[in-house]
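> Here is my input; please provide its structure:
(one chain, ligands or ions: 1)
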Amino acid sequence: MASTSGAAQVLVASNRGPVSYQVRDDGSLHAKRGGGGLVSGLSAIGPDAGALWVCSALGDGDREAVRRGIGEDGVRMLDIPAEVHSDAYNGIANSVLWFVHHMLYQTPLEPVFDAEFRRQWASYETYNRAFAEALAAEAAEGAAVIVQDYHLVLVPGMLRELRPDLRIGHFSHTPWAPPEYFRMLPDDIARAVLRGMLGADRLGFLTRRWADAFTACCEAFAGGVGDTRIGVHGLGADADFLRRRAHEADVEERMTALRAEIGEGRKAIVRVDRTELSKNIVRGLLAYRQLLADHPEWRERVAHVAFAYPSRQDLAVYRDYTAEVQRLAAEINDEYGTADWTPVVLHVKDDFARSLAAYRLADVALVNPIRDGMNLVAKEVPVVSDQGCALVLSREAGAHEELGEDAVTVNPYDIVGTADALHRALTMPLSERAERTKRLTDAATALPPAQWFLDQLTALTGQRGG
Ligand code: F6P
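The predicted model follows:
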């Protein structure tokens with residue numbers, strides 16, 4: 001189970017942890033381990049060295065595991081009441097802070113900061129306090145704590161009050177809104193967010209652009225960043241893991257199935273996303289339809305492989321978006337499909353092995369978010385692509401700062417421009433594609449997850465100025 005209270009030397013706190021539990025029919029619990037940058041990053045330290053990951057119990061299986069005292073070494077799950085968690089996660093984090101930082105609100109209906117929002121904000125404070133108290137109880141004297149993301153922006157300030165001896169960091173995996181957009185939050189809430197974050201010794205962002213936006217918000221609404229240091233750490237792809245995993249038998253099997261769905265000899269435009277508004281999947285489909293209209297020569301010679309995995313389905317706006325993606329894909333297939341050609345191959349059931357199969361087969365990768373903290377798909381596809389892959393990349397993705405030179409850049413709102421970019425990518429000579437893929441791979445793997453995490457830790461615990 002979790003390490004002894006008060007003994008952890010390095011702590012990470014995030015809403016979603018590295019493991020989740022499901023209750024089987026026979027009542028036993030099945031543990032499923034997750035992936036991602038933080039999991040690889042923290043594994044560079046591990047529980048034996050006093051590392052502890054504090055996270056939420058999400059769903060019935062996790063709650064049951066907490067009740068039965070079942071858990072993994074180095075992980076402590078907090079059983080926060082389901083209503084409080086829902087208010088904080090669905091209500092504030094994913095309906096307000098996510099929308100602010102990704103600039104997703106659509107007037108005149110949104111945003112609405114009413115009494116219900118205030119009630120949810122109180123739950124968000126309770127949820128953040130539960131994390132701060134758990135971290136305060138688990139951390140050894142002078143330990144380092146790195147809090148993750150927009151779910152937990154109040155934790156640094158709360159933890160600073162409880163444990164002034166700790167070295168506290170916070171890392172944002174999202175963009176940060178510019179002051180003109182951030183100021184739509186009620187003044188007291190905007191200040192609470194910034195002051196909560198400024199309770200940290202050091203704040204990390206994925207790109208300089210998001211770090212500068214945060215600094216600008218602090219200058220506009222909180223009298224500056226004070227003594228808090230700010231750093232940029234652009235998380236890269238985990239090349240060793242991806243290359244190994246992408247050549248396992250289940251991925252090979254899925255490549256065969258996917259190749260059959262695409263049709264022999266056809267080119268594949270691949271996208272893989274959580275189905276989420278900032279990913280801009282609908283405009284991607286519109287651009288593909290535009291390509292088929294503008295360039296009839298591509299009909300029957302290309303397929304758009306779109307994997308749109310469900311995300312945050314408790315919220316109607318995310319469910320509606322999934323439905324819109326499905327509706328539009330079906331419409332394009334009705335409009336252009338033939339007896340042996342399905343123009344859009346859409347899958348919505350999450351399957352990591354099939355995603356890797358698609359990465360390997362891709363001729364073109366389409367990554368066109370409206371705004372994105374980084375976007376790891378843009379970094380992962382070049383690493384595992386079998387034959388080199390042209391990358392069509394939104395200039396609003398954090399990854400564009402590192403990959404822009406060798407990508408085909410798009411304005412994510414411009415449907416005609418994106419269709420044009422898809423055509424350019426499809427017609428890119430194979431030799432150029434291979435050369436660009438090599439350079440993209442180098443840039444994408446420059447900061448592997450373990451190093452990304454260690455750099456932050458060193459900067460937090462080392463001398464001031466880092
Ligand atoms: O991009 C921010 C982020 O928190 C990522 O770190 C994470 O992969 C993603 O959102 C997952 O969101 P959720 O936990 O809501 O599924």
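> how far does stretch 272-287 stretch from start to finish?
16 Å (CA to CA, to the nearest Å).
> wait, does it contact the ligand?
No - counting by CB under 6 Å from any ligand atom, the ligand is not contacted by stretch 272-287; separation bottoms out at 6.5 Å. (C-beta placed from N, C-alpha, C; glycine too.)
> Quick one: distance of that stretch to the chain centre.
Here the centre of stretch 272-287 is set off from its chain's centre by 14 Å, with CA atoms, centre = their mean, to the nearest Å.
> cool, and stretch 292-299?
33 Å.
> What residues does the residue nearest to E161 when sequence neighbours are not counted make contact with?
Distances taken as CB to CB, 6 or more residues apart in numbering put G199 closest to E161, at 7.8 Å, once the chain neighbours are dropped. In this structure, G199 makes contact with V155, P156, G157, M158, L159, R160, E161, I168, judged by CB atoms under 8 Å, 6 or more residues apart in numbering.
> who does the helix or strand that contains the fourth one touch, helix- and strand-wise?
Following DSSP states H and E, the helix or strand that holds M158 is helix 155-162. If contacts are counted by 3 or more CB pairs under 8 Å, 6 or more residues apart in numbering; DSSP states H and E, helix 155-162 sits against helix 115-138, strand 139-148, strand 167-171, helix 187-198.
> redo that, cut-off 6 Å
helix 115-138, strand 167-171 (3 or more CB pairs under 6 Å, 6 or more residues apart in numbering; DSSP states H and E).
> Run the angle between that helix and helix 115-138 for me.
50 degrees (axes from the mean of the first three to the mean of the last three CA atoms, to 10 degrees).
> Helix 155-162 to helix 187-198, inter-axis angle?
70 degrees.
> Okay, buried residues for helix 155-162 please.
By 16 or more other CB atoms under 10 Å, the buried positions in helix 155-162 come out as V155, P156, G157, M158, L159, R160.
> Likewise for stretch 331-349?
So for stretch 331-349, counting by 16+ other CB under 10 Å, buried means I332, N333, Y336, W341, T342, P343, V344, V345, L346, H347.
> wait, isn't the third one in contact with A293?
The one in question is Y336. No - between Y336 and A293 there is no contact under CB atoms under 6 Å: 8.9 Å.
> Serialize the buried residues of helix 155-162 to JSON lines and add fields for distance to H101.
Shown next, in JSON lines, are the buried residues of helix 155-162 (distance: CB to CB, whole Å):
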{"residue": "V155", "distance to H101": "17"}
{"residue": "P156", "distance to H101": "17"}
{"residue": "G157", "distance to H101": "19"}
{"residue": "M158", "distance to H101": "21"}
{"residue": "L159", "distance to H101": "22"}
{"residue": "R160", "distance to H101": "23"}
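> right, and V12 touches L52 too?
No - taking CB under 6 Å as the definition, V12 is not a contact partner of L52, at 7.6 Å.
> tell me the SS of E297?
helix (DSSP: H, G, I helix; E, B strand; the rest coil).
> who in the stretch 201-350 of the chain is up against the ligand?
Within the stretch 201-350 of the chain, the residues that sit near the ligand (CB under 6 Å from any ligand atom) are S311, R312.
> can you give me the strands in the stretch 201-350 of the chain?
202-205, 229-232, 267-274, 302-309, 344-347 (DSSP state E, counting those that start in this stretch).
> picking up where we left off before, how near is the residue nearest to E161 to R183?
Noted for G199: a distance of 21 Å to R183, by CB to CB, to the nearest Å.
> Same check on R245?
44 Å.
> now do I80
For I80, the distance to R183 - CB to CB - is 30 Å.
> Show me which of the two is the more surrounded one.
I80 (23 against 15; other CB atoms under 10 Å).
> right, and the helix or strand after the worst-scoring helix or strand of the chain on mean pLDDT?
Sorting the helices and strands of the chain by mean pLDDT, DSSP states H and E puts helix 37-43 at the bottom, at a mean of 79. Counting by DSSP H and E, the element after helix 37-43 in chain order, helix or strand, is strand 51-56.
> Convert stretch 197-209 to CSV, retaining C-alpha atoms only.
Listed next in CSV are the C-alpha coordinates belonging to stretch 197-209 (Å, rounded to 0.1, in the frame of the first residue of the first chain):
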residue,chain,number,x,y,z
MET,A,197,-0.7,28.6,-8.3
LEU,A,198,1.6,31.2,-6.9
GLY,A,199,1.8,29.3,-3.6
ALA,A,200,4.3,27.1,-5.5
ASP,A,201,8.0,27.7,-5.5
ARG,A,202,8.1,26.8,-9.1
LEU,A,203,5.6,26.5,-12.0
GLY,A,204,6.1,24.4,-15.1
PHE,A,205,4.5,24.8,-18.5
LEU,A,206,4.8,22.8,-21.8
THR,A,207,5.8,25.8,-23.9
ARG,A,208,7.1,29.4,-23.6
ARG,A,209,3.8,30.7,-25.0
